[in-house]
Structure formats: C-alpha cells, structure tokens
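Asker: how does the following fold in three dimensions:
(2 chains)
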Amino acid sequence: MGPITILTVDDSPSMRALLKHALVGQGHVVHDAEDGLIALDWLNRHIPDLVITDINMPKMDGFGLIEALRKQDRYRDMPILVLSTESSDEKKARARDAGATGWIVKPFDPDKLAAAVRRVTH
Amino acid sequence: MQHDEIQQIFLLECDEGLDIAERSLLACKDGSGDAESINSIFRAVHSIKGGAGAFGFTPLQSFTHKFETVLQQVRDGDKPLTPGLLKTLIRAFDILTDHVSAIKGQADAPSDNAISAELEGIATGEIVPEEDSASTADPAPLPEAEPEATAEEESGREIAANDDADIDFDALLADLDVPESKEGGHVLHLRPTARALDNGSDPILLLRELHTLGATVRTVDASSVPDLDNFAAESAYLGWEIDVPASVTRAKIDEIFDFIGDACDLAIYVTGEEPRFVEQADPTVVKLPEAAPLAPTPEPEAPKVEPAAAPVPAIASIKPETAADPVSAPPAVNAVNSAAAAAPVATIRVDLDRLDRLVDTVGELVITQSMLAQRLSGAGVAAEDELSQLEYLTRELQDCAMALRAQPIRSVFSRVPRIVRELESETGKRVTLTVEGEATELDKTVIERIGEPLTHLIRNAIDHGLEPVEDRITAGKAAEGNVRLSAEQRGGHILICVADDGRGIDRARVFQKAVERKIVAPDARLTDEEIDNLIFAPGFSTAEQVSNISGRGVGMDVVKQAIQGLGGRVSISSEPGKGTVFSLSLPLTLAIADGMIVSSGGETLILPLNNVVESLQAKPEDLKRLTPSQHVINVRGSYLPVVPLTTSLGIGQIAEDSAQNVLIVVETESYGQIAIQVDAIQDQRQVVIKSLETNFRPITGIGGATILGDGRIALIVDVEALAAAAHSPKELDLAA
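Answerer: Sure thing, here's the model as predicted:
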C-alpha cells in the first residue's frame, strides 16, 4: 500500500499532532480539521483517501460528520475510521449505523493504527 | 514535531479544558448552566483523558475516566444534577486540577482515593450525594466490596468493561506474547453478506491482512454466485474457509473482524474442531492448491463453536436522525448557545521569544520614527502628512504588537473560586464571590506575576476582612460575606479590585501594632489613609496568631512589592463595619510608559507620568528650609519634602537659586507626595523602557532607560526609590 491522503478530525490539538506524527511517519499525507464542520468544508474542496474522525467534538460531532458524508455520492464508499476513547458496543453500533468503516480506540498504538488504515484502504 | 512538543500542546490543552470545565461548573452552580454546560465539561474531561492515555499519565487517565463516567450519566440524563452531585463534581474538578499540576511537575500527585471512590459509588448508584452536605466535607465512604456486585448493578459492570477497554487488554495480551496455549491455529468460515461492502468496507482487505499474517485459503465456496443477468456488483456471493496459523492469536483475529463482524457470517474454530465448510460435495467448490490440509490438533473436548468476534446488538431500530438535521447532536444535548460554550477562537501558538523580539523591534521602530520626525522638522522639511501617517501606523503596529502579549485575566481569576471554597471550609465563614471583568486583558508578564499577590489579597479579605458568621449576624449583616473581584481598563491602566463587606480595618489596632513594631512613633499623628497604609509596611502583621491561611510568613508588604515590581500601585479604602477595598492599578504594558521629559543639572531625565500629580513654578517664599540641605514646600496647606533631582541622584549640580526651578509633585506608594525639583519640563511622550539590569546594571533611583527621539539616552527615574532616600532621615528621627 502506497502513501495515501488522510484527513484527521479531532478537537484536541495534541491528539491531532499525535495522529499526524504517527501517520506521516508511516508515509501518508495528512490534513487535519478540528471539528466536523471544518472537516466538511475541507472535504467539499478536496477528496482524501481516508477520513479518521473523533466522536466527541463541538459544533458537529463525528456521527454527524459521517452521516453528512455518506449522503454525498462521492463519499458513499470512502473509508471512514472512528477514533474514540469510547469502546462500547452501543457506540460502535451507532458509528456503524452512521456509516463508519472501522473503529480505533484512543489512546492508539501506532502499529494498530497502521493496521486499521491498511484494513480499510487499498 | 517531537513527542515532547506534542506533550507540551497537551499540557496547554489541559489548561484550556480545565478553564472551560470550571466556567461551566460555576454556571451550573449559579443556575445559568444548561445541557451544553454539562456537555462541555464532559468534552473537556474526555479530551484530557484521551491525551493522558496517549502520553502515559496513568493516574490522570484513571481519574478522568471515573470523572467522565459520572459526567456521561448526567449528560445522558441518567442522573439528575442535584446540588449534592454538583458539589461532588466541583471537588472532583479540584482534584483534576491537582492531577494536571502533577503531570506538569508543579505539584505532587494528589490523593484521589476518597473522591475516586465517591465517583465510582455515584456511577454505580451505591452512593447518593448528600443534598446539603455540610461545608466540612466528610471523607467519602469506602467503596463497596466487589463481591456485592449483582445483576442489578449493570451500570457498574459496564464501567468495569470500559476500564478493560481503556487499558487495551488485547494489546496487553499481545505484549505478553503468550502463544495461545495448546490451540494450534484457527479455521475461519467467512461469508460476507451484501452489507459487507457498505460504508466503504471491503472484505478482500481483511483477506489480504490475514494473508500477510500467514493465513491460507483452504476452500472457496462459489456456489452462490448467480448467473451474469442476476449478478449485483455490490453484493457478496463467495465464502471462504481459511486456515490461520497458530502465530496469529485469537485476539488478533477478533481485532481484524472487530468492526465488520455483523456484516459477515463468521465462525472461528480451533483447528481440527471445525465442521465441514460445505456440506455436500459441490462442483463449484474450488479446491485451492495452496490449501494444505492441516493435521487436526488433538483436543479432548467436543468441537465447540466460539462466538464470532464482536457480538453486535441489533441496530435496526437505531436510525440516523431526520434528514432535516444533518448535525445530529447526541441525545439529551441541546445545541444551546451558552456563555460556557463560548465559541473557540481560532488561535496560533507562537514562541514567546519571537513575540518579544517583535515587541522589541516595534519599540525600536517607534523610537526611530520619532527620531526621523525630529530630524526632518529640524531640517525644515515639510512632510507633515506622510509623517503623521507614519506615526499613526507605527502606533497602530505598536498596539497590535502589544495586544499579542495581552491575555485575558480570566486565567488568574479562574483560580479564585477554588481558593474561596477552600477558605470557606477552613474558616467556617460563608462567602459569595462575585467576579467581574474576566475578559480584561493584561500583559502576559503581569498575568504571570499577579496570581500570587491576588491570591494573598483574597485570602486576606476572607481571613481578616470578613467576620465570622455569628459576628455578621450580630452586626445585622447577611450571614454570607461578599467578596468581589473585578478588573477593568481605565485609561492607560488596568484596575483590579478586591472588595469585601467585612468589618473594615481596625485602625486603632493597626496603629497600636505599628507602634509595637516600631514602624511609627507612639506620638505620630497619622491620617486614616496613612494608618491603613501601615499594613503594607515590612514586617507588619495584624493577625493575633499566624493563621494557616493568610499568615504564610509573608505580609502585605510582599503584595505591595510584587505590584510595584510590575509598575503598579496598591491602594486601600476601608470603612469600619462596611468593608475594605484593595485596588491594584497596573500598567497595560511593561514595555512602554508615558513619561515626562525633564532637564535637570544639564541632564535629560524622565519621570513616569503615572506618578506625576502636578507641576508648580515655585516661588522662593513657598520653600522652607528645614536643615541646610533639606527644604519643604507648602502646597495648599500641606508641606511636601523638596527633592532636588540631580543632586539626589548624584549626577549633577543644581543652581542655588531655586526661583527658576520647577517642582513636580509626584505620588509615591510608601511616602505620600514629594516635590521633585528640576530645571525645566521639556516634553511629555511615550517612551520605550529599556532595562538597565539587562543592559547595564541596576542603579538605585533609576528604573530604566530609554532612547529619545534625537537618539540620546535618557534615564527613567524610580520615584519610589527617590522618595525613600529623601525620607530615610525622617524615619531615623522617628525611630530615635
């Protein structure tokens, strides 16, 4: 798998920095956004290969972002990973229902992050 | 970006999170909170937890987890936010603050056993927060023993499960590197359903991952593939029987199928225990060449079907929110705009050194601009329009640069409620704190240094200012004392006030104490104001006994020194029985001051304009000689000491004939007004303060230096030190 373009969405600057550090280290191109609305705005102008989003965010949370993206044709099949400290089946089911492709638990292990990215991208 | 730098970002984030959480908690307390308040507290704590985990701050992570669990229950409407619960949350917040200080290395890790147990108890429903718990908080009850757990404690179990998830049990197991005992490998029977291609998933990627782990396909079942006419491109028709080697743990397999579990029919068997994949021999079953048959592992037990990974509850009932609202908020959270959920402002973090370099450079620019103006006007060049435009732009630039260093005082004020809470429980007094003007901006350095003196003033107000509850009631006042903390910009200054409605300063006692401490002579006649100011004298303390609260070995003199060190002033106004107000007047910036440019003895010097009260042309008869070298002047009835500027500083001679001299009356903190004698006033303008300590060495009586428009260097007079020198003989007289 070659380098891909990834948009990360998290309201925590340190989490964004950690993600960027890990993903850039794995050879990917990383853009980030601090909430769902900013992410949507960016996604209206760019098409990444993968979106990794937090759930709990102000303005527009991760579920809202995923649902909004799945309504757009060009994002109907794009892989979207959820990155969250929560790991309850209920939340995962909610994410799956919203249209998430996969789930990563925070704090993430960079290897597991890499595996999760591989698992959803060609 | 290095890990350390990211960690630094996290620490800043913690502060921001704590700030938001505290404001929201206080909003809940005073009744202005709403659902969004709780949500923003939850988000802040949640965010800190995430980072704490990422950076390995385990105690912080574990505490935030317990805190978050309760917050989540409140947010989701499972628990009502009773006053008792709010108190617990506020105490938990205080401990959280301590935890954050601990990871910054500013304090030891707090003991959170009691509050943790309380939070856990509340989460499980074992503890109900007392509705009106007394201010002397009892230690929280110990948690119930674990064996008590029964089916009804469903929520408690859930937390335990979450705990495991946070620790990331799988990773731990993987780290332990224990080969799954006795189990050989696994055999997977995998049949993706049509849904497996939804949401951007692709089962082929999972097969690829298994393949990289050494798994091989034993059989492909293509029996369900329809003919071309009925073939749907986005459906799934194949099934696989896959051999997974023993090197891949069960946990790893579960992880791979974690999220897609319900979109596949998946069964995982221990090798040798799998049933036949395809019951009947079918011509469409393709035997793959690499599918080497594996010898069955002897297992005594009967074949057992392990449940597929990630049991998923039925989700059909949960539907996305209505299409009209793409921004679907979680339930029980209304997107209500509240003060607590102030919109985050887009920010950029800049290294402070760079900022200071900018401020410095702009300072130089201001000087150069005025030098240019002076040179041009001296040369008779008429360029007034451009010149005034340049001056305007330079000022504008300067204001912008200064604004970069400005920060709202909120970060300091936000620590006060906690101090008040602690003092309430220590003293048994009841206090209502009012905070105003939190958005007022001050220079970063001032913000950093104002905290301690302000804390001291607050402690003083509650410990010494407010009366005990009984005394207040006896005096006909409300049992709850009021302390008001405010900040506002007034002209070129920031005014911070700490006001209490307590007993006021007991002047008789203050005077008596000052006499005992030989600060004043027993027969000194002092005005009320002068008596009040005695509490700022070094070594003065009115506390009968050194209390745990205000008497930490420092007195109000330290407060005064700290404020003066920032170029500010402290004043008191007190009314017996009504209360006391401490006012701190602080400069907007430490880098620029308004100065009065004077000449004296051939030197050009600068007096800080904020000290200047008035200037007088002295008539000889107004000056009275006290000693051969000391004069006083009668200014509207009061005699002020006359201080010849240059001779006092030892830098020049003053003309004996004082008739031509100008007297500038300045206000000082410790010595009241003095009249500084100079030759003439030249100008009044903003000056950029250059530190003598940094650039040369400290000189008593000189507070700094600046560069004038014509390029000359002028010294800035430290009026306070000048007054001290002028007064020291008088003090000696009193002591005698």
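
Asker: got the phi/psi numbers for B:Ala233?
Answerer: Per-residue torsions, B:Ala233: phi -60, psi -30 (degrees, to the nearest 10).

Asker: and the residue nearest the centre of chain A, how far is that from B:Leu715?
Answerer: Nearest to the geometric centre of chain A sits A:Ile52, at 1.1 Å (C-alpha atoms, centre = their mean). A:Ile52 sits 60 Å away from B:Leu715, taking C-beta to C-beta, to the nearest Å as the criterion. For the C-beta atoms, the positions are set from N, CA and C on the backbone; glycine is no exception.

Asker: likewise B:Ser24?
Answerer: Per C-beta to C-beta, B:Ser24 is found 50 Å from B:Leu715.

Asker: ok, those two, which is more surrounded?
Answerer: B:Ser24 (27 against 19; other C-beta atoms under 10 Å in any protein chain shown).

Asker: name the secondary structure element that contains that one.
Answerer: helix B:3-29 (DSSP states H and E).

Asker: pull out the buried residues from that helix.
Answerer: Residues B:6-7, B:9-10, B:13-14, B:16-18, B:20-28 are the ones in helix B:3-29 that count as buried (16 or more other C-beta atoms under 10 Å in any protein chain shown).

Asker: could you give the backbone dihedrals for B:Arg191?
Answerer: phi -130, psi 100.

Asker: contacts for the helix ranked longest in chain A, please.
Answerer: The longest helix of chain A (DSSP state H) is helix A:13-25. Defining contact as C-beta atoms under 8 Å, 6 or more residues apart in numbering or on different chains, one finds that helix A:13-25 is touched by A:6, A:8, A:10, A:30, A:32, A:34, A:52, A:54, A:83, A:106, A:108, A:110, A:113-114, A:117, B:1, B:3, B:5-7, B:9-10, B:12-13, B:47, B:50-51, B:54-55.

Asker: next, count neighbours for A:Pro110.
Answerer: 14.

Asker: contacting residues around it?
Answerer: For A:Pro110, the contact set (C-beta under 8 Å, 6+ apart) comprises A:Ala22, A:Gly25, A:Gln26.

Asker: how does it look with 7 Å?
Answerer: Counting by C-beta atoms under 7 Å, 6 or more residues apart in numbering or on different chains, A:Pro110 touches A:Ala22.

Asker: check the one 10 residues further on too.
Answerer: Residues in contact with A:Val120 (C-beta under 7 Å, 6+ apart) are A:Leu50, A:Pro79, A:Leu81, A:Thr101, A:Gly102, B:Gly200, B:Ser201, B:Leu205.

Asker: out of those, who's the most crowded?
Answerer: Going by other C-beta under 10 Å, A:Thr101 tops the contacts of A:Val120 with 27 neighbours.

Asker: strands of chain A, start to end?
Answerer: Taking DSSP state E as the test, the strands found in chain A are A:5-9, A:29-33, A:50-53, A:80-84, A:102-105.

Asker: is any residue of the third one near chain B?
Answerer: What it means is strand A:50-53. No: using C-beta under 7 Å from any C-beta of the partner chain, strand A:50-53 never reaches chain B; the gap is at least 8.8 Å.

Asker: that strand packs against which elements?
Answerer: Packing partners of strand A:50-53 (3 or more C-beta pairs under 7 Å, 6 or more residues apart in numbering or on different chains; DSSP states H and E): strand A:5-9, helix A:62-70, strand A:80-84.

Asker: rerun at 6 Å
Answerer: Judged by 3 or more C-beta pairs under 6 Å, 6 or more residues apart in numbering or on different chains; DSSP states H and E, strand A:50-53 is in contact with strand A:5-9, strand A:80-84.

Asker: Throw these into CSV and include mean pLDDT, thanks.
Answerer: Formatted as CSV, the helices and strands packed on strand A:50-53 follow (pLDDT from 0 to 100):
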stretch, mean pLDDT
strand A:5-9, 94
strand A:80-84, 92
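
Asker: so which of the ones you listed is nearest chain B?
Answerer: Judged by C-beta to the nearest C-beta, the one of the helices and strands packed on strand A:50-53 that comes nearest to chain B is strand A:80-84, at 6.4 Å.

Asker: what does that closest one rub up against?
Answerer: With C-beta atoms under 6 Å, 6 or more residues apart in numbering or on different chains as the test, strand A:80-84 has contacts from A:51-52, A:54-55, A:62, A:66, A:95, A:100-104, A:106, A:116.

Asker: circling back to that earlier point, quick one: the longest helix of chain A to chain centroid distance?
Answerer: Relative to its chain's centre, helix A:13-25 lies at 12 Å (C-alpha atoms, centre = their mean, to the nearest Å).

Asker: and it with strand A:5-9, angle?
Answerer: 170 degrees (axes from the mean of the first three to the mean of the last three C-alpha atoms, to 10 degrees).

Asker: could I get the buried residue list for helix A:13-25?
Answerer: Neighbour-count burial for helix A:13-25 flags A:Pro13, A:Ser14, A:Met15, A:Arg16, A:Ala17, A:Leu18, A:Leu19, A:Lys20, A:His21, A:Ala22, A:Leu23 (criterion: 16+ other C-beta under 10 Å).

Asker: for B:Phe610, give its distance to chain A.
Answerer: Heads up, residue B:610 is Asn, not Phe. Per C-beta to the nearest C-beta, to the nearest Å, B:Asn610 is found 39 Å from chain A.

Asker: ok, back up a step: how about the contacts of strand A:80-84 in JSON lines, adding distance to B:Leu586 and pLDDT?
Answerer: Formatted as JSON lines, the contacts of strand A:80-84 follow (distance: C-beta to C-beta, whole Å; pLDDT from 0 to 100):
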{"residue": "A:Val51", "distance to B:Leu586": "48", "pLDDT": "95"}
{"residue": "A:Ile52", "distance to B:Leu586": "46", "pLDDT": "95"}
{"residue": "A:Asp54", "distance to B:Leu586": "40", "pLDDT": "92"}
{"residue": "A:Ile55", "distance to B:Leu586": "43", "pLDDT": "90"}
{"residue": "A:Gly62", "distance to B:Leu586": "44", "pLDDT": "91"}
{"residue": "A:Ile66", "distance to B:Leu586": "49", "pLDDT": "93"}
{"residue": "A:Ala95", "distance to B:Leu586": "51", "pLDDT": "87"}
{"residue": "A:Ala100", "distance to B:Leu586": "52", "pLDDT": "91"}
{"residue": "A:Thr101", "distance to B:Leu586": "55", "pLDDT": "90"}
{"residue": "A:Gly102", "distance to B:Leu586": "54", "pLDDT": "88"}
{"residue": "A:Trp103", "distance to B:Leu586": "51", "pLDDT": "88"}
{"residue": "A:Ile104", "distance to B:Leu586": "48", "pLDDT": "89"}
{"residue": "A:Lys106", "distance to B:Leu586": "42", "pLDDT": "82"}
{"residue": "A:Ala116", "distance to B:Leu586": "52", "pLDDT": "89"}
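
Asker: this completes my enquiry, with thanks.
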